[in-house]
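Enquirer: Provided below are the primary sequence and the corresponding predicted coordinates.
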Amino acid sequence: MMEITEGSHAVAEAVSRCRPQVISAYPITPQTHIVEALADFVANGKLDAEYITVENELSALSACVGASAAGSRAYSATTSQGLALMFEVCFNAAGMRLPIIMSIANRALGAPLSIWNDQQDSISLRDSGWLQFYAEDNQEATDLHYIAYRVAEDPSILLPAFVCFDGFILSHTYEPVDMLSQEDVDKYLPRFAPAERLDAADPISFGMYATPEYYLEFRYEMDLAQKRAKDVIAKAGKEFGSLFGRDYSALVEGYRLDDAETVIVTMGSLCGTVKDAIDEMRAEGKNVGLLKIRIFRPFPTEDVAKALARAKRIAVLDKNISLGSKGAVALEVRDALYGSGIPVRDYILGLGGRDVRKKDIREIVALLERGEGDQFYGLRKEVL
């Protein structure tokens, strides 16, 4: 059913239809509306789940780890400093192979303090073992939660997942969203049936001490699961499309890409602005296209290389920065295209919530065509 609703509320409704059994989260801007809505659902009997209130984000994810290990479908949500406080537990959850789903309403990290959007928070956990999905709009943000649970709980994967969507830009924006019914979600997402769980009658342990003779093999198994996830995501996305008409089988998605000589690569809500700018430039005769990356972990190296094989020049728009190096997306794209000879320029922009407008996209294309890149775009040199 189509509804005009706030992004956070749409995500909360989607999560509730996934039938989580344990929810634990700590409120932090701009994620708060998600967990407020879920707490209301539980309190009023709309959702049959245990809602655990905690003193901080580290405790929130720790509660989810315990719940998931005990055999419950678990959920949390956070952003920015809250995610940073969870750092230790994020690695534990992945290493224990617990399929927890966590919404990330992306927000800049301090210091200096910022409540506005960029993607530095989730990108900083790119090596933690969590799957990472990035949504362009609120429809995609809701749908990716169903898919994330389906993939994370697959017996061949068993890894936790972030579903990331841009704070305020999406979380606090009202858009039309086609909300699936509970009956529809139940057809797509089976009840959680853990392969292993804590049981006093059949004792096992999670996250045991590993000597050097064993630790490497644990990381190897997690890496294999990440790589297997590419096919599992594609299969789950295709089945979602066959049931509900929105196909998410592609880990990357092209827009006016077939004949594009200049290609922009980015993730998240910025893709919508880029599409509008491309339409304007196409009307002026410029062959510009977009490659949207929907899945950042596992990184779809082969898909990116294939999609960009005919490009003459590439601009990566990164709403993050690996300080002292490049933006994280640009590093991955350059690796995917190694040896191709296609120039890949990196533009760091939008940090701390600075607006990125269509005129900025046009200017970046002009910079790219002049061979200028690898820069902080829009830097205000007069304040330095």
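Expert: Alright, I've got the coordinates. Numbers count the residues shown, from 1 in each chain.

Enquirer: Quick check: Glu363 is in a helix.
Expert: Yes: if the criterion is DSSP: H, G, I helix; E, B strand; the rest coil, then Glu363 is within a helix.

Enquirer: what number of residues lie near it?
Expert: For Glu363, the neighbour count with other C-beta atoms under 10 Å is 15. Just so you know, the C-beta spots here come from the backbone N, C-alpha and C atoms, and that holds for glycine as well.

Enquirer: Is Arg126 in a helix, a strand, or coil?
Expert: Applying three-state DSSP: Arg126 is coil.

Enquirer: With Tyr215 instead?
Expert: helix.

Enquirer: what sits against it?
Expert: Tyr215 makes no contacts at all, as judged by C-beta atoms under 8 Å, 6 or more residues apart in numbering.

Enquirer: and Glu332, backbone torsions?
Expert: phi -70, psi -40 (degrees, to the nearest 10).

Enquirer: Just to check, it is in contact with Asp303?
Expert: No: look at Glu332 against Asp303 with C-beta atoms under 8 Å: they stay out of range, at 11.6 Å.

Enquirer: Spit out the residues that contact these two alike.
Expert: With contacts taken as C-beta under 8 Å, 6+ apart, Glu332 and Asp303 have no neighbour in common.

Enquirer: So the closest residue to Ala311 other than its chain neighbours: helix, strand or coil?
Expert: Closest residue to Ala311 apart from its sequence neighbours, by C-beta to C-beta, 6 or more residues apart in numbering: Val263 at 4.3 Å. Secondary structure, three-state DSSP: Val263 is strand.

Enquirer: Tell me where the stretch 151-300 of the chain has helices.
Expert: For the stretch 151-300 of the chain, applying DSSP state H, counting those that start in this stretch gives helices covering 182-188, 212-244, 270-283.

Enquirer: Using the three-state scheme, assign Tyr347.
Expert: What three-state DSSP gives for Tyr347 is strand.

Enquirer: for it, what are its contacts?
Expert: Applying C-beta under 8 Å, 6+ apart, the residues near Tyr347 are Ala315, Val316, Leu317, Asp318, Gly327, Ile364, Leu367, Gly373, Gln375, Tyr377.

Enquirer: Does the last one touch Arg345 like I think?
Expert: The reference is to Tyr377. No: using C-beta under 8 Å, Tyr377 is not in contact with Arg345; the gap is 10.3 Å.

Enquirer: who touches both of these two?
Expert: In contact with both Tyr377 and Arg345: Leu367, using C-beta under 8 Å, 6+ apart.

Enquirer: what's the closest non-adjacent residue to Glu142?
Expert: Check again: residue 142 is Thr, not Glu. In this structure, Thr142 finds its nearest non-sequential neighbour in Ala14, 4.1 Å apart by C-beta to C-beta, 6+ apart.

Enquirer: before we move on, what about Pro27?
Expert: Pro27's closest residue in space is Val35 (C-beta to C-beta, 6+ apart), at 6.0 Å.

Enquirer: Same question for Arg17.
Expert: Val185 (4.2 Å).

Enquirer: Which pLDDT value goes with that neighbour?
Expert: With respect to pLDDT, Val185 scores 98.

Enquirer: Please report the number of neighbouring residues for it.
Expert: Neighbour tally, Val185, other C-beta under 10 Å: 20.

Enquirer: got it, and Ala93?
Expert: Neighbours around Ala93, by other C-beta under 10 Å: 29.

Enquirer: which one is it nearest to, not counting chain neighbours?
Expert: That would be Pro160: by C-beta to C-beta, 6+ apart, it lies 4.8 Å from Ala93.

Enquirer: For that neighbour, give me its contacts.
Expert: Per C-beta under 8 Å, 6+ apart, neighbours of Pro160: Cys90, Ala93, Ala94, Leu98, Pro99, Ile100, Ile101, Met102, Gly129, Trp130, Leu131, Ala152.

Enquirer: what do you get for Ala229?
Expert: Ala229 sits next to Leu131, Val151, Ile157, Leu159, Pro298 when contact means C-beta under 8 Å, 6+ apart.

Enquirer: quick one, phi psi at the third one?
Expert: Ile157 has phi and psi values of phi -110, psi -70 when expressed as degrees, to the nearest 10.

Enquirer: Repeat that for the first one.
Expert: Backbone geometry at Leu131, expressed as degrees, to the nearest 10, gives phi -70, psi 150.

Enquirer: No further questions, thank you.
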